[in-house]
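Asks: prediction below, plus the sequence it came from.
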Amino acid sequence: AIIFTAIMVILTLPISTGGLVMLLMDLHTNSEFYDSMYSGDSVLYQHLFWFFGHPEVYILILPGFGVISQSLSTYATRSVFGGQSMILAMGCISILGFLVWAHHMMTVGLEVDTRAYFSAVTIMIAIPTGTKIFNWLGTYMANNNRTRQVDLWCALSFVILFTLGGTTGV
């Protein structure tokens, strides 16, 4: 999880830095990167912001996925069910996290084909996420002693709340 997170930070931070430098240049040196009156692109700022902002969600949650996998495997006293598929799912979530930044920008005049692409890729994130949930529950069900560890209940509560939050969008 940490390797995928580090790669995502390395790839997104230069974009965020460039967008911030361009914004500061507009503010202090009267450049027109984002001003449409001077042939700038006002939507460019949104693209640069969300290209960093959306993968940042996964940068924050992927280490949590690793913690949940580790705690479930520790308290089940066995390795995580489907360990290779868990690694593949984290890689897929990392890659797809880069490809869906504009689904936050549906009201800025994107073309229909572009909106369809971002909607489809957003839905595709559910597949590796569902794999992780299934494997976490499989690891939990392999545990013979399900009632004594408070940490195990906390990990299971995370899985349930993560599932409910993903289902409702909250």
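Replies: Arrived safely, thanks for sending.

Asks: where does the protein dip in pLDDT?
Replies: Applying pLDDT under 70 to the chain flags the ranges 107, 146-148, 170.

Asks: elements contacting the top helix by length along it?
Replies: Scanning the chain for the helix with the most residues, using DSSP state H, yields helix 42-76. Helix 42-76 is packed against helix 2-28, helix 83-99, helix 126-141, helix 150-168, with contacts defined by 3 or more Cβ pairs under 8 Å, 6 or more residues apart in numbering; DSSP states H and E. The C-beta positions use only the backbone N, C-alpha and C, and glycine is treated the same way.

Asks: list the buried residues for it?
Replies: Under the neighbour-count criterion of 16 or more other Cβ atoms under 10 Å, helix 42-76 has 45-46, 48-52, 54-56, 58-59, 61-62, 65-66, 68-69, 71-73, 75-76 buried.

Asks: and for stretch 22-39?
Replies: Within stretch 22-39, the residues that qualify as buried are 22-23, 26, 33-34, counting by 16+ other Cβ under 10 Å.

Asks: now do stretch 124-135
Replies: For stretch 124-135, by 16+ other Cβ under 10 Å, it's 125, 128-129, 131-133, 135.

Asks: what does stretch 134-154 give?
Replies: 135-137, 139-140, 143, 149, 152.

Asks: distance from the chain centre to that stretch, please.
Replies: Mean-position distance between stretch 134-154 and its chain equals 25 Å (Cα atoms, centre = their mean, to the nearest Å).

Asks: stretch 126-139 now?
Replies: With Cα atoms, centre = their mean, you get 15 Å for stretch 126-139.

Asks: count the residues that sit near the nearest residue to V57 once chain neighbours are set aside.
Replies: Of all residues not flanking V57 in the chain, G97 sits nearest, at 7.2 Å (Cβ to Cβ, 6 or more residues apart in numbering). Residues lying near G97 (other Cβ atoms under 10 Å) number 22.

Asks: measure G97 to Y58 for me?
Replies: Distance, G97 to Y58, by Cβ to Cβ, to the nearest Å: 4 Å.

Asks: shared neighbours, those two?
Replies: Taking Cβ atoms under 8 Å, 6 or more residues apart in numbering as the contact rule, G97 and Y58 both touch M8.
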